[in-house]
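**Student:** Sequence and predicted structure below; questions after.
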Amino acid sequence: MNDLTPDREDRVAKLKGMGCSRKRVEDARFTQGKGNYVDDIKMPGMLHGDFVRSPYAHARVVSIDASAALALDGVVAVLTAKDLEPIGLHWMPTLAGDKQMVLADGKVLFQGQEVAYVVARDRYVAADAVELVEVEYEELEVIVDPFKALQSDVVLREDIAGETSGAHGERRHPNHIFLWEEGDKTATEQVIDSADVVAEEMIYYHRTHPCPLETCGCVASMDKVNGKLTLYGTFQAPHVVRTVASLLSGIEEHNIRVVSPDIGGGFGNKVGVYPGYVCSIVASIVTGKPVKWVEDRMENLMATAFARDYWMKGRISATKHGKITALEAKVTADHGAFDACADPTKFPAGFFHICTGSYDIPVAYVGVDGVYTNKAPGGVAYRCSFRVTEAAYFIERMIEVLAIELGMDAAELRRINFIREDQFPYQSALGWEYDSGDYHTAWDKALAAVDYNGLRRKQATQLEAFKRGETRKLMGIGLSFFTEIVGAGPVKNCDILGMGMFDSCEIRIHPTGSAIARLGTISQGQGHATTFAQILASEIGIPADSITIEEGDTDTAPYGLGTYGSRSTPVAGAATALAGRKIRAKAQMIAAYLLEVHDNDVEFDVDRFVVKGAPERFKTMTEIAYAAYHQAIPGVEPGLKAVSYYDPPNMTYPFGAYICVMDVDVDTGEAHVRQVYALDDCGTRINPMVIEGQVHGGLTEAYAIAMAQEIAYDDLGNCKTATLMDFFWPTAWETPHYTTDHTETPSPHHPIGAKGVGESPNVGGVPAFSNAVHDALRPFGLRQLHMPHDHWRIWKAANDLGLHG
Ligand code: PCD
Ligand SMILES: [Cu+]
């Protein structure tokens with residue numbers, strides 16, 4: 001039955017199912033200004049909110065005088081912590097089990113913190129009124145260094161000063177949040193202390209920010225007559241927001257509708273709950289009018305969730321032949337003023353313990369100290385699952401340092417330590433079970449594609465020319481091989497505030513053979529409306545063009561945990577395939593009845609059920625759909641609908657090999673990217689073109705982070721990079737050219753074998769770019785240079801190495 005007759009080939013092509021580079025259906029509206037974003041929502045009588053924010057990073061709030069603001073025409077209300085206190089909303093729980101001030105309660109802990117919320121008839125009046133609110137502050141000593149925070153007598157969080165334990169165990173200092181450990185500490189120390197070769201390094205992954213094109217915002221609308229609260233917002237997890245809103249407000253969950261409309265990029269920034277949402281809801285309840293709050297760029301960069309800020313002290317040991325024997329990581333994690341990291345509850349350092357990477361390391365230990373400082377809270381993934389970029393950067397830098405220590409080629413060092421194909425499923429020393437992989441094949445393909453040996457020869461030639469004074473540019477080859485971990489659940493160990501991380505899909509086939517499917521996830525630009533329809537097309541034989549995908553409205557979509565951590569494909573994608581299979585099972589019964597044969601005598605073929613051995617006798621899915629509704633079928637209830645809630649048995653482990661070639665100008669500090677090669681393996685590929693787009697986007701973010709992007713503070717806690725003049729956002733001008741490639745190693749436990757891919761290019765890209773800079777300067781003794789590698793820092797490094805004569 002599986003012969004590719006022209007007719008069958010034709011039918012397969014019509015479906016535009018899995019493996020097809022179907023054009024993104026959402027782009028027609030995005031490219032023609034027909035998207036519907038939060039700020040496009042306008043409601044009759046709608047009011048506008050704006051925040052008074054703290055100019056200080058640490059100060060006591062002595063008084064707040066809102067009288068002048070309230071006197072301004074058009075101002076409706078000014079909320080402070082005092083107004084929220086009676087309803088218990090002046091503080092709110094964070095995703096990490098800490099609590100966070102909604103509005104400054106007694107003191108402020110970071111620059112840009114929300115102090116008062118002004119509500120006015122117009123956005124401009126609100127902004128003017130913000131200027132009129134008089135706040136008297138008394139400055140306090142500021143701590144921006146997490147190491148100093150653990151020594152200091154200055155207590156940042158007075159509200160929990162006396163508490164010796166928090167949501168993640170013991171606190172050994174008032175500014176300490178937790179120590180989280182994994183692995184065998186004693187055994188790891190023993191192996192490292194007696195090893196042939198040990199490399200030790202402090203690796204800093206600087207603070208940065210997802211900075212999506214669209215900032216965060218919401219419109220809260222309380223309908224007092226019907227008791228219904230509707231909340232539109234830039235939410236990556238709308239159902240979670242609904243549950244949290246219900247628990248916080250006491251409004252029954254069926255009376256809350258949360259809608260994520262089109263979202264202009266999320267990148268983890270829109271996972272958490274921000275004071276703006278809480279204040280807008282309260283303001284709408286108080287005024288009985290819809291209230292809109294949309295932050296501006298500075299507010300977004302200063303006050304919403306940052307990413308990274310990990311100080312990672314590593315030790316790695318090996319035999320003299322280069323076989324790695326142990327890995328140790330001691331991390332100091334700067335969480336800012338409140339622990340508002342978005343990680344599964346049991347993992348306060350996310351999945352950082354994937355830091356053994358793609359290597360077979362027999363024993364390892366990780367210890368992560370979370371610390372409070374006077375910086376904005378957050379700690380979101382920013383395109384890297386949960387702390388996976390930090391982990392990948394750490395191990396890929398440690399490998400490079402170890403290669404220096406061993407005097408060995410870093411590509412070869414990786415190869416001899418890779419987990420072998422026959423070791424999968426592989427149990428890592430830090431507790432993960434890698435589902436599948438074929439690293440050697442991918443690495444060899446990548447090295448061959450760029451002609452690695454040829455590149456090394458060119459590099460040597462250029463170095464000689466540099467030494468002879470013929471050029472001021474050094475060539476660097478940046479290697480990176482990463483293993484990602486995406487697709488949280490399983491529910492048994494992954495939850496957010498007790499909400500298990502499953503996901504869902506509900507499909508309704510219409511009588512004429514088209515369909516709508518709704519999911520618990522929400523696209524922020526990934527193209528779910530395109531790709532999920534492709535999964536279904538292949539599973540149920542209805543063309544993708546005839547399937548509408550809808551997400552983000554909690555009144556209609558089945559409950560799900562949302563889109564971040566590249567979990568949509570691994571979790572909701574699986575639910576979609578399984579719901580499709582339920583449809584197919586019912587369709588089979590109907591087809592058998594219509595064809596007057598036994599259920600087992602028909603089989604599915606592309607877009608129809610055919611009688612086994614008699615391919616001329618068949619019923620198409622269109623015919624079956626019509627019959628499902630409009631024909632009485634004994635023993636079968638009318639309709640064709642299915643729902644699936646999927647709790648994954650494991651996460652998926654995509655991987656890839658990235659290589660970047662750069663020229664570093666030692667006099668200007670400029671680094672020019674000559675070539676970027678990116679090989680990704682995300683298992684079964686649903687839409688190769690969407691995947692390529694994801695890889696381009698992720699590589700561009702990786703390039704930005706590695707080369708210039710950062711959230712920097714001065715000693716007083718002033719955020720120095722709160723505008724796009726200072727915060728590097730690559731445009732087409734700076735963005736390098738990319739070559740993409742792939743291998744395909746399906747996930748053995750996923751119904752269609754697919755793994756996530758959205759985050760991979762950031763996870764693998766950052767070490768590739770950074771390693772290229774290091775590799776260029778390595779002949780002159782460079783071992784470790786903190787990111788971002790902007791022109792100034794590269795120039796400084798070259799200067800420190802004596803390259804300026
Ligand atoms: N194998 C495969 C896989 C995948 N795919 C595709 O691709 C995409 C992606 O996917 P994934 O990986 O699963 O993911 P998701 O879940 O969907 O998403 C998420 C991600 O996604 C990415 N990408 C993107 N894009 C855009 N445009 N926008 C945005 O925002 C974004 N973001 C980012 C991030 S950051 Mo986090 O949140 O940090 O955690 S996470 C993330 C979609 O469409 C899908 O379907 C295919 O095709 N195939
Ligand atoms: Cu991360």
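**Tutor:** That came through fine. Ligands and ions are numbered 1, 2, ... in the order given.
**Student:** need the residues of the stretch 301-450 of the chain near ligand 1, please.
**Tutor:** Neighbours of ligand 1 within the stretch 301-450 of the chain, by CB under 6 Å from any ligand atom: 380-383. Bear in mind the C-beta positions are built from the backbone N, C-alpha and C, glycine included.
**Student:** Got the phi and psi for the residue of the stretch 151-300 of the chain at minimum distance from ligand 2?
**Tutor:** Proximity of the stretch 151-300 of the chain to ligand 2 (CB to the ion) peaks at residue 268, 7.7 Å away. Recorded main-chain torsions at residue 268 are phi 90, psi -20, according to degrees, to the nearest 10.
**Student:** mind checking how far the spatially closest residue to residue 546 that is not a sequence neighbour is from residue 574?
**Tutor:** Spatial nearest neighbour of residue 546, excluding adjacent residues (CB to CB, 6 or more residues apart in numbering): residue 514 at 4.0 Å. Here residue 514 is placed at a distance of 23 Å from residue 574 (CB to CB, to the nearest Å).
**Student:** close to ligand 1, is whichever helix in the chain runs longest?
**Tutor:** In the chain, taking DSSP state H as the definition, the longest helix is helix 574-595. No: for a cut-off given as CB under 6 Å from any ligand atom, helix 574-595 has no contacts with ligand 1; the smallest distance is 9.8 Å.
**Student:** Any buried residues in that helix, and which?
**Tutor:** Of the residues in helix 574-595, 574-580, 582-584, 586-595 count as buried by neighbour count, 16 or more other CB atoms under 10 Å.
**Student:** so what's the residue in the stretch 51-200 of the chain positioned nearest to ligand 2 up against?
**Tutor:** Nearest residue of the stretch 51-200 of the chain to ligand 2 (CB to the ion) works out as residue 96 at 13.6 Å. Residues in contact with residue 96 (CB atoms under 8 Å, 6 or more residues apart in numbering) are 167-168, 335, 339-343, 345, 348, 379.
**Student:** Now rank those by neighbours and give me the top one.
**Tutor:** For the contacts of residue 96, the largest number of neighbours (other CB atoms under 10 Å) sits with residue 379, at 34 neighbours.
**Student:** hang on, it in a strand?
**Tutor:** Yes: under DSSP: H, G, I helix; E, B strand; the rest coil, residue 379 sits within a strand.
**Student:** In space, what's closest to it - neighbours in sequence excluded?
**Tutor:** Looking at residue 379 with CB to CB, 6+ apart, the closest residue is residue 341, at 3.3 Å.
**Student:** Can you tell me the SS state at the one you found?
**Tutor:** Here residue 341 is recorded as coil under three-state DSSP.
**Student:** Quick check: it touching residue 352?
**Tutor:** No: with contacts counted by CB atoms under 8 Å, residue 341 stays clear of residue 352, the gap being 11.1 Å.
**Student:** Number of residues surrounding residue 220?
**Tutor:** By other CB under 10 Å, neighbour count at residue 220 equals 27.
**Student:** what does the one 10 residues further on give?
**Tutor:** The criterion is other CB under 10 Å. On that basis, residue 230 has 19 neighbouring residues.
**Student:** Surely it and residue 257 touch.
**Tutor:** Yes: applying CB under 8 Å as the test, residue 230 and residue 257 come out as touching, 4.7 Å apart.
**Student:** can you list the domain ranges for this protein.
**Tutor:** Under the TED database, the residue ranges defining each domain of the chain are 8-35+502-646, 38-140+215-263+270-303, 306-488+651-801.
**Student:** avg pLDDT for stretch 425-442?
**Tutor:** When pLDDT is averaged over stretch 425-442, the result is 98.
**Student:** do stretch 74-92 as well
**Tutor:** pLDDT averaged over stretch 74-92 gives 97.
**Student:** what does stretch 340-355 give?
**Tutor:** For stretch 340-355, the mean per-residue pLDDT is 96.
**Student:** Next, the contact list for the closest residue to ligand 2 within the stretch 451-600 of the chain, please.
**Tutor:** Closest to ligand 2 within the stretch 451-600 of the chain is residue 565: 9.4 Å, counting by CB to the ion. Counting by CB under 8 Å, 6+ apart, residue 565 touches 381, 385-386, 486-488, 756, 759.
**Student:** make it 7 Å
**Tutor:** The neighbourhood of residue 565, defined by CB atoms under 7 Å, 6 or more residues apart in numbering, consists of 381, 385-386, 486, 488.
**Student:** again with residue 220
**Tutor:** Counting by CB under 7 Å, 6+ apart, residue 220 touches 231, 280-281, 284, 290-291.
**Student:** So it, which state does it fall into?
**Tutor:** strand.
**Student:** Which residue of this structure lies farthest from its centroid?
**Tutor:** Ranking residues of the chain by C-alpha distance from their mean position (CA atoms, centre = their mean) puts residue 596 at the top, at 51.0 Å.
**Student:** got the residue ranges for the strands in the stretch 701-805 of the chain?
**Tutor:** According to DSSP state E, counting those that start in this stretch, the stretch 701-805 of the chain carries its strands in the segments 738-742.
**Student:** Get me the contact residues on the chain for ligand 2.
**Tutor:** Within the chain, the positions adjacent to ligand 2 are 381, 384, 387, 389 by CB under 5 Å from the ion.
**Student:** wouldn't the third one be in contact with residue 347 here?
**Tutor:** No: using CB atoms under 7 Å, residue 387 and residue 347 do not qualify as a contacting pair, with a distance of 8.3 Å.
**Student:** Let me see the contact set for the residue of the stretch 151-300 of the chain found nearest ligand 1.
**Tutor:** When scored by CB to the nearest ligand atom, the stretch 151-300 of the chain has residue 268 as its residue closest to ligand 1, at 2.7 Å. For residue 268, the contacting residues are 210, 305, 307, 342, 380-383, 564, by CB under 7 Å, 6+ apart.
**Student:** Between those, which sits nearest ligand 2?
**Tutor:** residue 381 (4.6 Å).
**Student:** Where does residue 535 sit, in terms of helix or strand?
**Tutor:** Element membership of residue 535 [criterion: DSSP states H and E] is helix 528-540.
**Student:** OK, contacts around the nearest residue to residue 753 once chain neighbours are set aside?
**Tutor:** Spatial nearest neighbour of residue 753, excluding adjacent residues (CB to CB, 6+ apart): residue 746 at 2.8 Å. Going by CB under 7 Å, 6+ apart, residue 746 touches 436, 683-684, 753.
**Student:** redo that, cut-off 6 Å
**Tutor:** Residue 746 makes contacts with 683-684, 753, as judged by CB atoms under 6 Å, 6 or more residues apart in numbering.
**Student:** Let's see the pLDDT reported for residue 805.
**Tutor:** Looking at residue 805, the pLDDT reads 82.
**Student:** what about it, neighbour count?
**Tutor:** Count around residue 805 with other CB under 10 Å applied: 4.
**Student:** And it, how close does it get to residue 667?
**Tutor:** Here residue 805 is placed at a distance of 10 Å from residue 667 (CB to CB).
**Student:** just residue 303 next, same as before
**Tutor:** Distance, residue 303 to residue 667, using CB to CB: 39 Å.
**Student:** Also residue 148?
**Tutor:** Residue 148 sits 36 Å away from residue 667, taking CB to CB as the criterion.
**Student:** and if you look at residue 703?
**Tutor:** Distance from residue 703 to residue 667, by CB to CB: 22 Å.
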